[in-house]
Every structure is written in structure tokens, then in C-alpha cells.
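**Q** no sequence on hand, only this structure:
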């Protein structure tokens, strides 16, 4: 038994920051590793030491096992924490760490290997009497031969998979072979293992998971369950604890099954047993994640525990200081995943410099992130840039708090899914707990319409007022006399503003009763102005609102209640000059197929000289673990393909040249 003095974190992003915080809390020094793209990351600056990983690819950096172990030994650490993803569920790496005389802060290689191969895991769990879904296993050819025995719809999965990758829904026998080919390609790309299996698909399933922690002394504790049913393309978006979908009897069944699995295999350290719950209340084992989960904070919030600190404790061979009776549910916690993606443009990944990055300061709010204002978000990793977690007395309270936090969060420079999250958390489907794993995918148009309706309901007149306050009110202190000091209004009392292209006429009306804006024939008293840089807090007509304003060349962007608006005015000379510029565009742009984001060429479907048709997939790009199919805009002939498979491309880089 020991207490570590120094550990290395073999990961990046928010989980690396989370582990550093836990280590510091326990008086443990930390060593971070980082690739070129992560030089500005918070985990590099927060760690006691940071070592550069020379290399251009993941295999040369975060996945280079020997390099990481050599750094660990040279740095004098006693243990390595793998975080989640990357090498966290690699049994070979866990063994190499142990063989090097270091402690792997996680389960044993045998634990990882047993649960990492899905076919083997299913057989093992089924032998314990825990229900699993009907499934078929084998090569692609063997699975196709079994298609007549399958009850469709089915789910094709990568046997070595996880994180929503290598998963394809198949509705008929005719769709099976294409689904197998796609899943196999993803499985090889993401996991280096093309083995697949096919299982019964539950269209209305809920995703529940039980958090476990075990020590070397035979103690296995559960920390109750989480619900992660709100997903898009099998990637979790919103997680909460406890689940609002089960009663105490089912909770006991789930936690007992999870503990039984862990105890039977002499499991140690943190792990999560995932289940699917059908519409009739029957649950089925899905998989075991032999690591800390992305969504672990919601469990920590409702149980008042620090799971990462407990990981460090048991990895040193120490007995768990907690007993099962000490772990109780208190309140409700919700987490949303803030991602660098453009939800209004089919969730296209977004990369670039974070111009502004600001969250409200509130009790019971927790932000897990690795980025900071001014930092560049790389296209080479997962799109997750922050987790926002709130705790409430109950689920309704937690939802209300999350709505408020999202409405006051201010981010610019890269696109994020903030507006989508804001609209989603306020939807009737969430508040009414009408969720299942495919509900977002199947209702995306409806959800987007609801979100757009929410944006449309916002009073645009208030945006116009914020726009002029931002440009002409320069003092930080509030008070009525400030308006008298702005000679601008005595000369220009009337103005015209466009908000997302819609025109608003207004005027400024100071009188003995105060200061008023009159916008489109409606009068608004304005008071209690607080300004802090780009952030405005205004009391307009008795209601307080927060407006985050960013001045661009062409317009001013205002973020309000989670939504971004573009405003322009005939009174701002610098903008008028920009608007009057003539921009020349060539008329043959459709013949030049360019990348509209940073990424890597995954597959090229055409060659020089090929005849192509409108809508045909020319090539496939990958950015932030998302595949983007580049379609042909017209009927044409391929003049030249300018890129190669595997090549990294920049935004606006020429990919293919056509001739019509």
C-alpha cells in the first residue's frame, strides 16, 4: 500500500485537467504530455511538468506506448493515469506499464482484455445469468449468410468498438452488406480491428449505466446509475444522474447486476457497466467501460464523492475508505457536452481561435475544460471542448439551472453547439422525459424547428438597444447622467438597424423621467447598465438581460440567450464603408471543389477523367472523428484530383477540379 508522489497523465483535453486537479488535491505531483496542437492546452500549464511528444500523428504521440512509458520512467513517476479514450482500454499498454515497474491507474490487463472484446464479454456476462440481446458473431461473409435468421432491425457493431464508432443500424437484409462494409471500415480505422457482430436493435431503448469502483481487497462499490439516452449518432449529448426513468426496484436490479459482474472477475479501480432498457422495463447488458467515463461528474455531484481521487487511492493498493451505506443520492445533476461544431450546418466540425470564452459564476455549477480564451481549437481531435455540469435539488431545478447557465455562456471564434444545447434542454421532450437513444436523430428537424422558434420569440428590439449601448456607452459605472454625456444622441436621435437582415427603426428619447429607446413604435426604458469589456448587463423595461457583443469588419455579433445574431447600422461609418465595397466573384466557382473545414482525406471515389453527376460523392473527409461526404454540385467531368487519401487538408484548400 502506498500513496503516489508523482504520476504521469497519458492523455489530453479536459480529462487530463481533471486528473491534475485530483492529484493536486491529494498532494501528488503531475507530469503532462502534449503534442504540437496542444501546446496551449490548460493541462500543459497546470501540470508540475510537461513533456513534448514529438510527432505528427496520434500513433506518433498520444498512442505511442513506448514513448510514453520512457517519459514516465525518465520523469521519475510511480504511476500512469490513462484517462479515457486513447490507451485507457488497451490491455497491452496496461501490461507494458506494469512490466516497466509502474502502476497503471486502472483495471488489470486481464480485466481490460475480458471486457474489451465484445463477443467474449457477452459470453461471460451471459454465463452469470445477466440478460443480453440476441446476437450473431463472425466474419462479414458469415454474418451475411445468417441474415435470414436475423430479426430486423439490427445493429452492426465493432467487436473492439466504443464511443459510438463502428455502429450502423440495418433495417433489412438488403441493407446488411453495405452496413457491414461501413462498420468494418470504421472499426479498422478507429480500433485497428475489423471484427464485427450483429445484435437485435431496440428502436426506443434508453441508455443506463452504473458507476463502479473496486479495490484490491475485494470491495466493490456502486455509485448508482446515470442516464445517457440523449445521443446523436450514438454520441452522448446530455447525461444526468440519477435516471428519471426507473423505480427503486429496477435501480436495485441494475446495481446488483453491475456489482455481480465486477466481483466475479475480481475487478479493480473505476469501471462502468452499460445497459439498454426497453419500453417494457427489461434491461440488457450492453458493455463494460474499463475506465473513468466522460460523464463521471454527474455521479460525483449527486453522491458528493471524488471518483478520480478514489481511483488514485485504490491504485496504490489502499482499501476503499467508503462503504456502500455511505453512498447516497442527493439531488439531481445534469451534464451537457459543449462541442466545437456548427449545429445549424449539420453539426459540421469547427476549428479556429477562441476569441471569447466566458461562463457565468454560479453555485452548483462546474465547468470541465482544457481550453482558454485566445487558444486555437485543433481539428485533429474530438470536438468536445467543455462539459457543463449543474446540480439541483431535483430534476426540474437542475434543468432550470442549466437553461440559465447556457443562456449566460458567451463564446465566439469557433462555432459550438451551444444554441442547440440551449434549445434541447428547454424542449418538452427533455422536461417530459420522453427520451430514447435515437430520439434526437429521428426528431432532429422538429428539434431544430423548436430551437428556431425559440430564437424567433426573442425580442429583437432588445438586441438593437444592446447594439447601441455597446458601441456608444463606454463607461463601466451605471447611472442616468451618462446619457447626457453622449453628444452623439443629440445629433443622431434616429437610426436604422438590421438584425439578421430584418430592418428595425428606432430613436433615442431622453426626458425628465429617464432614458428611453423607441424601437419599431415600442418604447423601452433602459437603466442599470453594467459593462465589462464585451459583456453587457442591461435592465430593459424592468427585465435584466445579458448580451455578449463582438465587433467584426462587416457587422456586430451579439450572443443572447444562447443564440447568435448579426447586427448592422447605417450610423456606424466603418461598417457602412465595408457594406459599400464591391466584391468580385468568378462565375465558375462550382468547378472548384474546396474543403470548407480542416480535416483529413479519408476516401477518394473518383479519378481524373471520370464523368460525375450532381449529388455524387466525390470524396470523404474526416474531421474531429466525423465523416463529411463532399458531393458533386453539377454534372461534369473530373479534370484533376488535387489530394491523396490520408492527406491533411486546410479550410478552402482545392480538392478536385471539374470541367463542365
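**A** That came in fine, so what should we check first? Worth saying up front: this structure is predicted, and the values here are computed from it rather than measured.
**Q** got any ranges where the stretch 201-350 of the chain has weak pLDDT?
**A** Within the stretch 201-350 of the chain, no stretch falls below the threshold (pLDDT under 70).
**Q** which element is residue 122 on?
**A** Here residue 122, judged by DSSP states H and E, is contained in helix 118-127.
**Q** can you list the strands that the top strand by length along the chain pairs with?
**A** Identified as the longest strand of the chain according to DSSP state E is strand 220-232. Strand pairing for strand 220-232, determined by DSSP bridges: strand 206-214 (antiparallel), strand 235-241 (antiparallel).
**Q** tabulate those in JSON lines, adding columns for distance to residue 343.
**A** For glycine as for every other residue, the C-beta is placed from the backbone atoms N, C-alpha and C. Supplementary listing: the strands paired with strand 220-232 in JSON lines, determined by distance: least, C-beta to C-beta, whole Å:
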{"stretch": "strand 206-214", "distance to residue 343": "21"}
{"stretch": "strand 235-241", "distance to residue 343": "10"}
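**Q** what's the average pLDDT for the lengthiest helix in the chain?
**A** Looking across the chain with DSSP state H, the single longest helix is helix 173-191. Looking at helix 173-191 alone, the average pLDDT works out to 86.
**Q** following that helix, which helix or strand shows up next?
**A** strand 196-200.
**Q** show residues contacting that following strand.
**A** With C-beta atoms under 8 Å, 6 or more residues apart in numbering as the contact definition, strand 196-200 has outside contacts at 118-119, 133-138, 140, 143, 146, 150-151, 154-159, 166, 170, 176, 180, 183-184, 187.
**Q** what's the distance between it and the middle of its chain?
**A** 27 Å (C-alpha atoms, centre = their mean, to the nearest Å).
**Q** nearest to residue 19, out of the strands paired with strand 220-232?
**A** Nearest to residue 19 among those is strand 206-214 (15.4 Å), distances taken as C-beta to C-beta.
**Q** distance from the closest one to the middle of the chain?
**A** 20 Å.
**Q** stretch 319-326 too?
**A** That offset, for stretch 319-326, works out to 32 Å (C-alpha atoms, centre = their mean).
**Q** distance to residue 225 and mean neighbour count for the strands paired with strand 220-232 - can I get that in CSV?
**A** Output for these, formatted as CSV (distance: least, C-beta to C-beta, whole Å; neighbours: other C-beta atoms under 10 Å):
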stretch, distance to residue 225, mean neighbour count
strand 206-214, 5, 25
strand 235-241, 7, 24
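**Q** nearest to residue 36, out of the ones you listed?
**A** Taking the strands paired with strand 220-232 one by one with C-beta to C-beta, strand 235-241 is closest: 26.1 Å.
**Q** which is the next helix or strand following that closest one?
**A** With DSSP H and E, the next secondary element past strand 235-241 is helix 248-264.
**Q** okay, now the sheet partners of the helix or strand just after that following helix, with direction.
**A** Where DSSP H and E defines the elements, the next helix or strand beyond helix 248-264 is strand 269-277. Within its sheet, strand 269-277 is paired with strand 206-214 (antiparallel), strand 283-289 (antiparallel), according to DSSP bridges.
**Q** what about stretch 125-139, start to end distance?
**A** Start and end residues of stretch 125-139 are separated by 22 Å (C-alpha to C-alpha, to the nearest Å).
**Q** and for stretch 93-110?
**A** First residue to last in stretch 93-110 (C-alpha to C-alpha) measures 12 Å.
**Q** buried residues of it, list them for me.
**A** 93-97, 102-109 (16 or more other C-beta atoms under 10 Å).
**Q** nearest to residue 305, of these?
**A** Lowest distance from residue 305 to the buried residues of stretch 93-110 (C-beta to C-beta) belongs to residue 105, with 16.9 Å.
**Q** and the closest one, how far from residue 10?
**A** 10 Å (C-beta to C-beta, to the nearest Å).
**Q** any residues in contact with both of these two?
**A** Among the neighbours of residue 105, those also in contact with residue 10 (C-beta under 8 Å, 6+ apart) are 80, 81, 82.
**Q** please produce CSV containing those, extended by pLDDT and secondary structure.
**A** Putting these into CSV (pLDDT from 0 to 100; DSSP: H, G, I helix; E, B strand; the rest coil) gives the following:
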residue, pLDDT, secondary structure
80, 99, strand
81, 99, strand
82, 98, coil
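**Q** run through the neighbouring helices and strands of the longest helix of the chain.
**A** helix 140-145, strand 154-158, strand 167-170, strand 196-200 (3 or more C-beta pairs under 8 Å, 6 or more residues apart in numbering; DSSP states H and E).
**Q** give me the contact list for that helix.
**A** Residues from elsewhere that reach helix 173-191 (C-beta under 8 Å, 6+ apart): 140, 143-144, 147-148, 150, 152, 154, 156-163, 165-170, 193-196, 198, 602, 625.
**Q** quick one: residue 335 and residue 391 touch, right?
**A** No: with contact defined as C-beta atoms under 8 Å, residue 335 does not reach residue 391; the gap is 10.3 Å.
**Q** so for the two, which residue has more residues nearby?
**A** More crowded of residue 335 and residue 391, by other C-beta atoms under 10 Å: residue 335, with 26 against 23.
**Q** element containing that one, please.
**A** Residue 335 belongs to strand 332-339, assigned by DSSP H and E.
**Q** what pairs with that strand, parallel or antiparallel?
**A** strand 235-241 (antiparallel), strand 384-392 (antiparallel).
**Q** out of the ones you listed, nearest to residue 344?
**A** strand 235-241 (15.7 Å).
**Q** what's the closest one in contact with?
**A** For strand 235-241, the external contacting residues (C-beta under 8 Å, 6+ apart) are 163-164, 207, 224-228, 230-231, 294-295, 298-299, 301-302, 329, 332-337, 395, 398, 421, 424-425, 430, 440.
**Q** taking those residues, please make a ChimeraX selection of just the buried ones.
**A** Entered in ChimeraX, the line below selects the buried ones among those, by 16+ other C-beta under 10 Å:
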select :163,207,224,225,226,227,228,230,231,294,295,298,299,301,302,332,333,334,335,336,337,395,398,421,424,425,430,440
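**Q** tell me which of the helices and strands packed on helix 173-191 is the most buried.
**A** strand 154-158 (a mean of 25; mean count of other C-beta atoms under 10 Å).
**Q** check residue 500 and give its pLDDT.
**A** 93.
**Q** gap between it and residue 236?
**A** Distance from residue 500 to residue 236, by C-beta to C-beta: 32 Å.
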